[in-house]
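Undergrad: Next comes the sequence, and after it the predicted model I'd like to discuss.
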Amino acid sequence: MPPRPRLLPLSAALASVIATLLALPAQGQTLNELYDSARNYDATYQGARAQYEANVARAAQAKAGILPAVGLTAGVTRSNLDIDTLTGSGRGTSTPRDYNTQNVGINATQPLYRPANWATYEQGKRQADIAQAVLTIAEQDLIVRVSQAYFDVLASSDSLALVRAQKVAVAEQLASAKRNFEVGTSTITDSREAQARYDLVIAQEIAAENDLQVKKIVLDQLVGRPGSAPVPLAVPVVLPTAMPADINAWVAQANEVHPAIRQARLGLDVAGLEVQKAQAGHKPTLDANLGYNVTRNPTGTSTSAVGTRVNAATVGVTFNLPLFAGFATENRIKETLALEDQSRSVLDGTQRNVAQATRAAYLGLVSGAGQVKALEAAEASSQSALDANKLGYQVGVRINIDVLNSQSQLFQTKRDLAQARYNVLLGNLKLRQANGTLTTDDMNAINATLASNGSTPAVPAATPSDRSNQQPVVPVTPPSIPVIPPVPVQPFNPPAPTMPTAPVPPVILNPPVR
């Protein structure tokens, strides 16, 4: 009978499960997931959110100027009097008198006509809209900052992966050069050139690893979660296109909906209302007053020893007309008119800057898309050139440095292509930011280009490597060197040279005598 398998204790089983889970690849985060984390962590955005709430509360305070003001008053007073008799039968005598006074009342005031208060109320509503526009700008800025950090990490990771792939290719070329030198089919120059290129790639790998670590730190600090792993692009890479394909349409839309332009327009409205407030300094005001007050003297008053209680209800209006304020109102009007002109100039400058930024972003996106197509063609051409140089090196018509240069050109083209793709994705978001229409929905198109579970990334992710031993690894299957048959050479038997004969001397005729 075979022995029964021994059961593991609970602690050993849990350790085995934990080890298995840790061995699984970490799940990457999409752009939307990291943006949601940044909204709850980024200090700049949190400060903008708090400023928005403060501005909304400040704007709501302006409504108090058109609402009634109601107050409750109460008080107790004790009076000690010495009443001296100056005339009459009791002349020269002094009579002490002590009494208490108790009062309570409620009073209300309702502005009926106050032009300055109504202008302030209208300003408050526009200032709330300004606060919303400022918050929209902060949200769009957060989207771009998270996207920038996201693609920076992906670009650095791609660069590191390509540098390591180039290191492997250069190592194979170095090993091939050493073998060819050992068998006598190449010179030591090929080995020295390959070794120099390999050492250069090692230095590039160190720089790429450091750059990747720095970019990860920036992303982690922005989203507030350590060890964030952005999901790379999927293969084949399909980049979203900007629609409409008309730069003037983008500029026209920016002039209508851009939050910075909306903020400047609202600022111009606020400045116009400030002028109305200054002009209200010449206008009268009218308030309605309503009150009910109770005054009680339980021990009498200064003139009577009988306790009294007085209930008084009052209703009335208060009219006030300013006549002269030392020319303060006139100068205030001049000041607000100048500030209104300043706000109008700010609006014009904002519209021009937004139009310029939108045009630049659109042209940059179109140029980036063209660069992606050109680099894709350059990548195919560089791969063909590398294959041709490898074949030429094997048959002896190319040297080792030609192969190394082709490898460097290919991997540099791959890095440029990866960076150009990220620039196009980020350029889509920056165009909408410059246009003022950027929202979180625009990141859905970016997420559609990312690799899902089980799909192949555009560039394999870089893995940690050990550079303690920087010697190249000789490939398992060395490339075979074809045997080139000797070229038949004809014997060199030139004919004997013949010496040229001297030319016939010319006949000199005597000149005629005059």
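TA: Right, received. Where do you want to start?
Undergrad: name the helices or strands packed onto the longest strand seen in the chain?
TA: Identified as the longest strand of the chain according to DSSP state E is strand 94-113. Packing partners of strand 94-113 (3 or more C-beta pairs under 8 Å, 6 or more residues apart in numbering; DSSP states H and E): strand 69-84, strand 285-297. Every residue, glycine included, has its C-beta placed from N, CA and C.
Undergrad: The shortest one - which strands sit beside it in the sheet, and in what orientation?
TA: Okay, so that is strand 285-297. Partner strands for strand 285-297, per DSSP bridges, with pairing direction: strand 94-113 (antiparallel), strand 308-320 (antiparallel).
Undergrad: residue contacts, residue 77?
TA: 100, 101, 102, 103 (C-beta atoms under 8 Å, 6 or more residues apart in numbering).
Undergrad: Can you tell me which member of the residues you listed has the lowest pLDDT score?
TA: Taking the contacts of residue 77 together, the minimum pLDDT is found at residue 100 (88).
Undergrad: if I look at that one, how far off is residue 83?
TA: 17 Å (C-beta to C-beta, to the nearest Å).
Undergrad: Looking at those two, which one has more neighbours?
TA: residue 100 (15 against 11; other C-beta atoms under 10 Å).
Undergrad: so where does residue 131 fall, helix or strand?
TA: helix 115-183 (DSSP states H and E).
Undergrad: Show me what residue 101 bridges to in the sheet.
TA: What pairs with residue 101, by the bridge criterion (DSSP bridges), is residue 77.
Undergrad: Just to check, it is in contact with residue 294?
TA: No. Residue 101 is beyond contact range of residue 294, at 11.4 Å (criterion: C-beta atoms under 8 Å).
Undergrad: Pull the contacting residues for residue 62.
TA: Going by C-beta under 8 Å, 6+ apart, residue 62 touches 120, 121, 123, 124, 125, 127.
Undergrad: Which of the strands paired with strand 285-297 has the lowest mean pLDDT?
TA: strand 94-113 (a mean of 89).
Undergrad: now the angle between helix 115-183 and it, please.
TA: Per axes from the mean of the first three to the mean of the last three C-alpha atoms, to 10 degrees, the angle that strand 94-113 makes with helix 115-183 is 60 degrees.
Undergrad: Send me stretch 247-262 as PDB with only the CA atoms.
TA: Written as PDB, here are the backbone C-alpha positions of stretch 247-262 (Å, rounded to 0.1, in the frame of the first residue of the first chain):
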ATOM      1  CA  ILE A 247      -8.000  74.400 -37.000                       C
ATOM      2  CA  ASN A 248     -10.400  77.300 -37.300                       C
ATOM      3  CA  ALA A 249     -13.200  75.100 -35.900                       C
ATOM      4  CA  TRP A 250     -11.000  74.400 -32.800                       C
ATOM      5  CA  VAL A 251     -10.200  78.100 -32.400                       C
ATOM      6  CA  ALA A 252     -13.900  79.100 -32.700                       C
ATOM      7  CA  GLN A 253     -14.900  76.500 -30.100                       C
ATOM      8  CA  ALA A 254     -12.200  77.700 -27.800                       C
ATOM      9  CA  ASN A 255     -13.500  81.300 -28.000                       C
ATOM     10  CA  GLU A 256     -16.900  80.100 -26.900                       C
ATOM     11  CA  VAL A 257     -16.300  77.600 -24.100                       C
ATOM     12  CA  HIS A 258     -12.700  78.000 -22.800                       C
ATOM     13  CA  PRO A 259     -12.800  78.500 -19.000                       C
ATOM     14  CA  ALA A 260     -10.100  81.200 -19.100                       C
ATOM     15  CA  ILE A 261     -12.100  83.200 -21.600                       C
ATOM     16  CA  ARG A 262     -15.300  82.700 -19.600                       C
END
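Undergrad: Could you measure from the residue nearest the centre of the chain over to residue 367?
TA: In the chain, the C-alpha nearest the mean C-alpha coordinate belongs to residue 145, at 2.4 Å (C-alpha atoms, centre = their mean). Here residue 145 is placed at a distance of 23 Å from residue 367 (C-beta to C-beta).
Undergrad: can you check residue 316 too?
TA: 74 Å.
Undergrad: on that earlier part again, out of the contacts of residue 62, which one sits closest to residue 395?
TA: Closest approach to residue 395 among those (C-beta to C-beta): residue 127, at 78.6 Å.
Undergrad: Just the buried residues of stretch 224-242, please?
TA: By 16 or more other C-beta atoms under 10 Å, the buried positions in stretch 224-242 come out as 228, 229, 230, 231, 232, 233, 234, 237, 239, 242.
Undergrad: Please apply the same query to stretch 420-433.
TA: 420-433.
Undergrad: now stretch 195-211
TA: Here stretch 195-211 shows 197, 198, 201, 204, 205, 208, 209, 211 as buried, counting by 16+ other C-beta under 10 Å.
Undergrad: Measure how buried residue 285 is and give me the count.
TA: When counting by other C-beta under 10 Å, one arrives at 17 neighbours for residue 285.
Undergrad: my guess is it meets residue 317, correct?
TA: No. The criterion here is C-beta under 8 Å, and residue 285 misses it with residue 317 at 10.6 Å.
Undergrad: which residues in the protein form helices?
TA: 10-23, 31-39, 43-60, 115-183, 188-223, 247-257, 259-279, 328-395, 400-435, 442-447 (DSSP state H).
Undergrad: of all those, which lies closest to residue 92?
TA: The nearest among those, by C-beta to C-beta, is helix 328-395 at 57.2 Å.
Undergrad: Report the inter-axis angle for the closest one versus helix 259-279.
TA: Relative orientation of helix 328-395 versus helix 259-279 (the same axes, to 10 degrees): 170 degrees.
Undergrad: any idea how far helix 328-395 is from the chain center?
TA: Averaged C-alpha coordinates place helix 328-395 at 15 Å from its chain's average position (C-alpha atoms, centre = their mean, to the nearest Å).
Undergrad: and that helix, what other elements does it pack with?
TA: Using 3+ C-beta pairs under 8 Å, 6+ apart, the elements in contact with helix 328-395 are helix 247-257, helix 259-279, helix 400-435.
Undergrad: Okay, now the unreliable bits of this structure?
TA: Within the chain, the stretches with pLDDT under 70 are 1-27, 453-514.
Undergrad: mind running it again at 50?
TA: Residues of the chain that meet the criterion pLDDT under 50 lie in 1-26, 453-454, 466-490, 492, 494, 514.
Undergrad: Tell me who's in contact with residue 68.
TA: 108, 109, 110, 111.
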